[in-house]
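Asker: Got a predicted structure plus its sequence, pasted below:
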Amino acid sequence: MNAFSRRGACPALSAPMQTGDGLLVRLNPVAGGPSSGGLSPKLLIEVAESALRHGNGIMEVTARGSLQIRGLTTESAALLAAEVDALGIAVRTGVPVETGPLAGVDPKEIADPRRLAERIRVAIEDAGLATRLGPKVAVIVDGGGQLAMDAVTADVRLVATRTDVGIQWCVSVAGDRQTARPLTVASEDPARDIAVAALRMVAEKGREAHARDLSDRQLVSLAGWQSFTPPSAVPDILAGEMAGTPEGGATERLPIGLFPLSRFHALGIGLPYGSMPADKIIGLAKSALALSTTEIRLAPGRALLFLGQPADANQSLQDVAAALGFIISPTDPRTRIAACPGTPACASGRIATRDIAEAIAAEGVDSLDFTLHVSGCAKGCAHPGPAALTLVGGENGAGLVVNATAKALPAGYRPGYDAARGISRVAAVIRSARSQGETDAACLTRLGAAAIAEMYQQE
Ligand code: SF4
């Protein structure tokens, strides 16, 4: 057990969040080793049984790879926390320092990120930063490989990269792999020091602050932190980072399907919209147990990774998962739609988000090259950032928002029960209006919100 994983001490477990369907707890198990996020099938079954006993039976894996249990009360959340504690599950506490879901077992990773991640955790603790930073401040240490952390945002990110002096870490701040601002490329010790210095600067700005609030002067001082003379390749590596073309070939990939490891494959199975009833998770974990899976890891991108089962068990496990309603293919249309619980699960919801999402998936809207967001209300829980198209529940039904967040004023409305038909019409128009080489998102922007809303509302 590392310095930051104490039983039952997860702040999210002891301080659940209020949502429209009761209290929600979030936990990040670290049972399988530092930051691997792994649980044995037996432990996952027991956690899911606890969720069934004390919550409303809905479990989620988030875009960051956290496990969430919904529908709790103050009393039942305390009982759940006690049961998780009694199961001996070590949970992550303190500032999240995240690694990829295959960290340490992926033969294709550029470097095993776990040691550097642990050293950063210890340095954060030693510097007394854990209590001075806000709960959403996060660090990513990405060793690259088959399931890189490109799409996950962080205040500080360290990405393994090959340079002419060996493997080093590209340090950047505030964003995902594409949007973060690159600072420098450094070996392990200075990379850790720069990461902690950046966090210290964030802490000095207060608990609401993030790395995006650092001034240009502070960023320049962080970039010049090390006395080390950059090798000639460094400017090219940083330029590659700024262009979103990482060295090492790491590309964003959904954690769904088979991923070859040294001795076996990891099998990724997705949760539709990141959510599944606990009894179905129990059913899948029981099959995994029978098929000799030894570890189930939570993966950013709303999936579970099954490890340890023999190669000939993977097809059986996929068959069981598909029959239970899980996602077994990265091309499943449901992977292109972000949808919150909506009505009836969430009291704030104004539309039946999951029904609408299923209808949209059935209409073949998956051919669009952007993620569609279906939100029960303007809070936008499932996709807080802007999306090319957002359906948002309100007094007038399902509003359509173009290139903005769920909080924006919709450009047009349609009754919730009929919203999928409107989206289907928009998708058809985009497909026919798209110029050669133009993306769907660019075509949508060119057509403009008013024209898109008109198509959406057409009978
Ligand atoms: S966005 Fe969805 S889950 Fe969040 S409060 Fe609104 S209806 Fe509930």
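Answerer: Here it is on my side, so go on. Numbering: from 1, shown residues only.
Asker: Nearest the middle, which residue of the chain would you pick?
Answerer: Centroid-nearest residue in the chain: residue 63, 2.1 Å away (criterion: C-alpha atoms, centre = their mean).
Asker: quick one: that residue and residue 274 touch, right?
Answerer: Yes. Counting by C-beta atoms under 8 Å, residue 63 touches residue 274, with 7.0 Å between them. Every residue, glycine included, has its C-beta placed from N, CA and C.
Asker: any common contacting residues for those two?
Answerer: Common neighbours of residue 63 and residue 274, counting by C-beta atoms under 8 Å, 6 or more residues apart in numbering, are residue 302.
Asker: pLDDT score for whichever residue of the stretch 251-400 of the chain sits closest to the ligand?
Answerer: Here the residue of the stretch 251-400 of the chain nearest the ligand is residue 376; by C-beta to the nearest ligand atom that distance is 2.5 Å. Per-residue pLDDT puts residue 376 at 97.
Asker: For it, which residues are in contact?
Answerer: 20, 340, 341, 342, 343, 346, 348, 349, 350, 351, 353, 393.
Asker: what about it, distance to residue 24?
Answerer: Distance of residue 376 to residue 24, given as C-beta to C-beta, to the nearest Å: 15 Å.
Asker: Now whichever residue of the stretch 1-150 of the chain sits closest to the ligand: closest residue in space that isn't a chain neighbour?
Answerer: Going by C-beta to the nearest ligand atom, the ligand is nearest to residue 20 of the stretch 1-150 of the chain, at 3.9 Å. In space, and not counting its chain neighbours, residue 20 is closest to residue 346: 3.4 Å by C-beta to C-beta, 6 or more residues apart in numbering.
Asker: which SS class is that neighbour?
Answerer: Secondary structure, DSSP: H, G, I helix; E, B strand; the rest coil: residue 346 is coil.
Asker: can I assume it is in contact with residue 19?
Answerer: Yes. Residue 346 lies in contact with residue 19 (C-beta under 8 Å); the separation is 6.8 Å.
Asker: Compare the contacts of residue 376 and tell me which has the most neighbours.
Answerer: Ranked by neighbour count (other C-beta atoms under 10 Å), these have residue 353 at the top, with 32 neighbours.
Asker: hey, which helix is longest across this protein?
Answerer: In terms of residue count, the longest helix belonging to the chain (DSSP state H) is helix 188-204.
Asker: related to what we said a few turns ago, any idea how far the residue nearest to the centre of the chain is from residue 275?
Answerer: Relative to residue 275, residue 63 is positioned 12 Å away (C-beta to C-beta).
Asker: Equivalent analysis for residue 176, please.
Answerer: Taken as C-beta to C-beta, the span from residue 176 to residue 275 is 23 Å.
Asker: Confirm residue 133 sits in a strand?
Answerer: No. If the criterion is three-state DSSP, then residue 133 is coil and not within a strand.
Asker: okay, now the closest residue in space to residue 332 that isn't next to it in sequence: neighbour count?
Answerer: Nearest residue to residue 332, sequence neighbours excluded (C-beta to C-beta, 6+ apart): residue 270, at 7.1 Å. Neighbours of residue 270 under the rule other C-beta under 10 Å: 26.
Asker: Was I right to think residue 270 contacts residue 326?
Answerer: Yes. The criterion here is C-beta under 8 Å, and residue 270 meets it with residue 326 at 6.4 Å.
Asker: Sketch out the low-pLDDT regions of this structure for me.
Answerer: Filtered on pLDDT under 70, the chain yields the residue ranges 1-12, 14, 31-37, 225-252, 365-367.
Asker: What are the boundaries of the helices in this structure?
Answerer: Under DSSP H, the chain gives helices at 11-14, 41-54, 74-86, 114-126, 188-204, 216-223, 234-242, 278-290, 314-324, 353-362, 419-433, 440-447, 449-457.
Asker: Kindly reformat those as JSON lines containing distance to the ligand.
Answerer: Output for those, formatted as JSON lines (distance: least, C-beta to the nearest ligand atom, whole Å):
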{"stretch": "helix 11-14", "distance to the ligand": "17"}
{"stretch": "helix 41-54", "distance to the ligand": "17"}
{"stretch": "helix 74-86", "distance to the ligand": "18"}
{"stretch": "helix 114-126", "distance to the ligand": "31"}
{"stretch": "helix 188-204", "distance to the ligand": "27"}
{"stretch": "helix 216-223", "distance to the ligand": "34"}
{"stretch": "helix 234-242", "distance to the ligand": "33"}
{"stretch": "helix 278-290", "distance to the ligand": "18"}
{"stretch": "helix 314-324", "distance to the ligand": "23"}
{"stretch": "helix 353-362", "distance to the ligand": "7"}
{"stretch": "helix 419-433", "distance to the ligand": "14"}
{"stretch": "helix 440-447", "distance to the ligand": "22"}
{"stretch": "helix 449-457", "distance to the ligand": "20"}
